[in-house]
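Engineer: Sequence isn't available, so here's the structure alone:
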């Protein structure tokens, strides 16, 4: 029996007029030849599956800098589904970074694709990207780009700054970092390039380090410089690291690393909160805390000079800044000085200049500044601070028994594995696994890591996370997301599956209406299956490192698939999967001395969930500006920078990663 498309073709031939048949017969000698072409669909597939636009230009892109073009839309005009079996690239300088190369399109369905370009040599790169459709002719997309070797050069005055030991409540003397254009052509710091996101100055976000300097974009002519002043204001005792990354219009990014140690003051009274408070939003509720240390409690707080955003007040007893910012408040930075006074005689005083930025509404539900345990008025506590406490009957902590410390021998085994990875043949690869809320900030992490002078030159980092790739899809061995990672993303980076040694995993399954702990247990099972698949797909992988989703309370009433407490609860899925391995589950065995190795070693990387504007014990908060208008995905650039910074600091300092992540 002929297909419906064949019947349509035959009908179209039958409908040809007599004169048209004669014309075709004179040209070809065979009317049946035309019929056979129509029946096979030759020459008609492009009209049934189309790409729009049919050509894209990446323009002029500097060597070793990723170029982006506007996204294209592939549409199935058939009345039946079609299968996209892959994407063929005419030149290796092009690859896909958004959209699945293998997927099925329903009748009338459209899907978007984004492509990237990277040139190592100067020249013109005109080519074709072909969408391969099963049973049909390929759908071509013309692409063009020019790779050029810029004459600009960016030199930093320092690649590392050490601020020494600084008391909590104090700010160090500032230290300069100067960017100089040592080339013979102009460049721009943080200028938008061809990218979908653009380049930006990757600021020190919600860290005890702060900077001042020329606002981006800052254009430097040959020989010109821009100086940024860096200061350290610790709020926790102990060492802290951070990075300031500079990105450019025509050059790869570079960076300077910072270190400093916070110490408890031995005398006096000190204000110990960040001098820059989380952002507020016009017309929405706000909360932040000014804290003090030393002297004799209780303390008294007041605004000594300057003005807070209209609608906000400070509690004289607790230091809490609360209220609703008026909808007419001016957008921008409000700077004021807060005074703390203790209860000794005579009273001790401390002051701190504070900056609070007010932004316009983002489109998210910025009123949900924190969330409570379901059916209670008790705010949810992050797993780390929850410790031996419980959430709906389940104990907190990242590891068993409410602890945030991985027990031995599991931890010592992980450290030994990490130390062994440093001896792996170069290059070796770190990949990511997850969905869009993981994919986007991990791209920022890659940018920051590749710019960092401390990153090991033998390490290649590849973003395998993708929009829509929830854990229940990754757990399927035949999922197209595995195909995209293995057959597209890794080759574009110049590496292969055998070189993958570690995976960063941050995913979710939960949806609104899911129940706890059942939803987290389902995710736990998916994670354990993914662990086994990682070893099957990447035979040399040794480490599987988890994070959890960011706060998503601002998505309430806006995003219908995921918000709180599901984002918070997803961390239990990772916690319990790791706990199974610690307890010796055979399906997660990583040690050949204990039987067949079926999974990599599993543990936590940086856990970054926090309850909105309620600060964690380490000061981490999530403002509405940290998320997109959907209240779920980290915003670009603020949210991306924030997560990327946390991950980079963790990978550089953890004993599970530093041996192979940091340059020896």
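Structural biologist: Nice, I can see it. Predicted model only: the values in this text are computed from it and were never measured.
Engineer: Enumerate every residue touching residue 275.
Structural biologist: Residues in contact with residue 275, defined by Cβ atoms under 8 Å, 6 or more residues apart in numbering, are 171, 210, 233, 352-355. All C-beta spots, glycine's among them, are computed from the backbone N, C-alpha and C.
Engineer: go again using 7 Å as the cut-off
Structural biologist: When contacts are counted by Cβ atoms under 7 Å, 6 or more residues apart in numbering, residue 275 is found next to 233, 352-355.
Engineer: what's the single longest helix in this protein?
Structural biologist: Determined from DSSP state H, the single longest helix within the chain is helix 518-537.
Engineer: So which of the contacts of residue 275 sit within strands?
Structural biologist: With strands taken from DSSP state E, the overlap with these comprises 352-355.
Engineer: The stretch 401-550 of the chain: helices as residue ranges?
Structural biologist: 410-421, 436-451, 471-474, 480-484, 490-492, 518-537 (DSSP state H, counting those that start in this stretch).
Engineer: Relative to residue 269, which of those is closest?
Structural biologist: When the helices of the stretch 401-550 of the chain are ranked by proximity to residue 269, the top entry is helix 436-451, at 36.8 Å, counting by Cβ to Cβ.
Engineer: got a list of contacts for that closest one?
Structural biologist: Helix 436-451 is contacted from outside by 202, 243, 245, 253-255, 432, 455, 461, 463, 465-468, 506-507, 549-550, 632-634, 636, 639-641, 643-645, 647-648, using Cβ under 7 Å, 6+ apart.
Engineer: can you check stretch 353-360 too?
Structural biologist: Under the criterion Cβ under 7 Å, 6+ apart, residues 275-277, 279-282, 308-309, 325, 329, 331-338, 625 lie in contact with stretch 353-360.
Engineer: is it true that residue 555 touches residue 630?
Structural biologist: Yes: counting by Cβ atoms under 7 Å, residue 555 does reach residue 630; the two are 5.8 Å apart.
Engineer: Mutual contacts of those two, please.
Structural biologist: residue 364.
Engineer: Which residue of those two possesses the greater neighbour count?
Structural biologist: Just comparing residue 555 and residue 630: by other Cβ atoms under 10 Å the higher neighbour count belongs to residue 555, 25 against 20.
Engineer: for that one, phi and psi?
Structural biologist: Its backbone dihedrals place residue 555 at phi -90, psi 0, with angles given as degrees, to the nearest 10.
Engineer: what sits against it?
Structural biologist: Taking Cβ under 7 Å, 6+ apart as the test, what residue 555 contacts is 364-365, 562-563, 630-632.
Engineer: If I look at it, what pLDDT would I see?
Structural biologist: In the predicted model, residue 555 carries a pLDDT score of 95.
Engineer: Just the buried ones from the contacts of stretch 353-360?
Structural biologist: The neighbour-count test (16 or more other Cβ atoms under 10 Å) marks 275-277, 279-282, 308-309, 325, 329, 334, 336, 338, 625 as buried among those.
Engineer: Please enumerate the strands of the stretch 551-664 of the chain.
Structural biologist: Secondary structure of the stretch 551-664 of the chain (DSSP state E, counting those that start in this stretch): strands located at 601-604.
Engineer: Any stretches of it with poor pLDDT?
Structural biologist: For the stretch 551-664 of the chain, no stretch has pLDDT under 70.
Engineer: What segments of it are helices?
Structural biologist: Along the stretch 551-664 of the chain, the segments classed as helices by DSSP H, counting those that start in this stretch run 566-582, 638-653, 658-661.
Engineer: can you list contacts of the last one?
Structural biologist: Contacting residues not belonging to helix 658-661 are listed as 418-419, 421-422, 455-456, 459, 651-652 [Cβ under 7 Å, 6+ apart].
Engineer: quick check: domain ranges of this structure?
Structural biologist: By the record's domain assignment, the chain is partitioned as 4-42, 46-148, 154-263, 275-359, 383-661 (automatic domain parsing).
Engineer: do you know how far residue 106 is from residue 81?
Structural biologist: Between residue 106 and residue 81 the distance is 5 Å, computed by Cβ to Cβ, to the nearest Å.
Engineer: what's the answer for residue 150, then?
Structural biologist: The separation that residue 150 has from residue 81, given Cβ to Cβ, amounts to 46 Å.
Engineer: Next: residue 664.
Structural biologist: 53 Å.
Engineer: Give the residue from these two that has the larger number of neighbours.
Structural biologist: In this view residue 664 and residue 81 are compared by other Cβ under 10 Å, and residue 81 has more residues nearby, 11 against 8.
Engineer: just the buried members of the contacts of residue 555?
Structural biologist: Burial of the contacts of residue 555 was assessed by neighbour count (16+ other Cβ under 10 Å); the buried members are 364-365, 562-563, 630-632.
Engineer: Figure out which of the helices of the stretch 401-550 of the chain is closest to residue 615.
Structural biologist: Between residue 615 and those, the shortest separation by Cβ to Cβ is 20.3 Å, and it involves helix 436-451.
Engineer: Low-confidence regions, this protein specifically.
Structural biologist: Scanning the chain for pLDDT under 70 picks out 1-47, 191-206, 510-513.
Engineer: 50 instead?
Structural biologist: Where the chain drops to pLDDT under 50, the residues are 1-46, 192-199.
Engineer: Spatially central, which residue of it would that be?
Structural biologist: The C-alpha lying nearest the average C-alpha coordinate of the chain belongs to residue 441 (Cα atoms, centre = their mean; 1.2 Å).
Engineer: what's the closest non-adjacent residue to it?
Structural biologist: Sequence neighbours aside, residue 643 is the residue nearest to residue 441 in space, at 3.7 Å (criterion: Cβ to Cβ, 6 or more residues apart in numbering).
Engineer: Just confirm the one you found contacts residue 636, I think it does.
Structural biologist: No: with contact defined as Cβ under 7 Å, residue 643 and residue 636 do not form a contacting pair (11.1 Å).
Engineer: Name the residue in the two with the higher neighbour count.
Structural biologist: residue 643 (25 against 17).
Engineer: How much space separates the more buried one from residue 607?
Structural biologist: In this view, residue 643 and residue 607 are 11 Å apart by Cβ to Cβ.
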